[in-house]
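# fold the following for me, if possible:
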Amino acid sequence: MEWDTRSSEGKISKLKDAAGKDMPEHNWVWSPQGVVNMHYPERWGYLQFSRQVNTVFRLPYAELQKRYLWLVYYRQKQYREKFGRYATTLAELKITSQVTLENQVNQLQLEATPRQFTATITAPNTPAIRLNDEGLLTYTKP
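Predicted structure coming up:
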């Protein structure tokens, strides 16, 4: 939002156009998020610092896994909006239970009741990652 701090009363207020209507927001971030909402950390960009020239960024494996958990999360939210409850199977969300990432098979699991859910992704020799209906991510040791 654009704010004007020049009011004579010392109040902070939103800038207005010539007609007295609020000016539109100018949202900008250094990485596109796909939504106008900074409260989506799963859509934030990544920044890598390196002292080496031509360093290639490689997304951590766990971040690749989390993309599938967020897919379950968003589909669950849509499903609940439509049916008034969470889906109890991945099939209801049209998501397969096996996902291959970097030539490694990952297993997706869903535990759900009408009012809450937890999605888990596991792969050999990596921590299991869980995401619940509140967007809380947790890790467990392999």
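
# do you know the pLDDT at the nearest residue to Pro124 once chain neighbours are set aside?
Counting by C-beta to C-beta, 6 or more residues apart in numbering, Gln104 is the residue found nearest to Pro124 once chain neighbours are left out, at 7.1 Å. Placement of C-beta: from N, CA and C, glycine included. We have a pLDDT of 96 for Gln104.

# surely Gln104 touches Thr122?
No: applying C-beta atoms under 8 Å as the test, Gln104 and Thr122 come out as separate, 10.8 Å apart.

# tell me which of the two has more neighbours.
More crowded of Gln104 and Thr122, by other C-beta atoms under 10 Å: Thr122, with 17 against 14.

# where does that one land on pLDDT?
Looking at Thr122, its pLDDT reads 97.

# now do Gly20
87.

# helix, strand, or coil at it?
Classification of Gly20 by DSSP: H, G, I helix; E, B strand; the rest coil places it in coil.

# for Ser13, see how far away it is.
With the distance defined as C-beta to C-beta, to the nearest Å, Gly20 ends up 12 Å from Ser13.

# could you do Ala112 as well?
46 Å.

# compare the two (neighbour count), which wins?
Ranked by neighbour count (other C-beta under 10 Å), Ala112 and Ser13 place Ala112 first, with 22 against 12.

# what's the distance between the more buried one and Thr55?
For Ala112, the distance to Thr55 equals 41 Å [C-beta to C-beta].

# please enumerate the helices of the chain.
61-83 (DSSP state H).

# find the centremost residue of it, please.
The centroid of the chain falls nearest to Glu42 when counting by C-alpha atoms, centre = their mean (2.9 Å).

# tell me the contacts of it?
Going by C-beta atoms under 8 Å, 6 or more residues apart in numbering, Glu42 touches 66, 70.

# now do it, the pLDDT please.
pLDDT recorded at Glu42 is 78.
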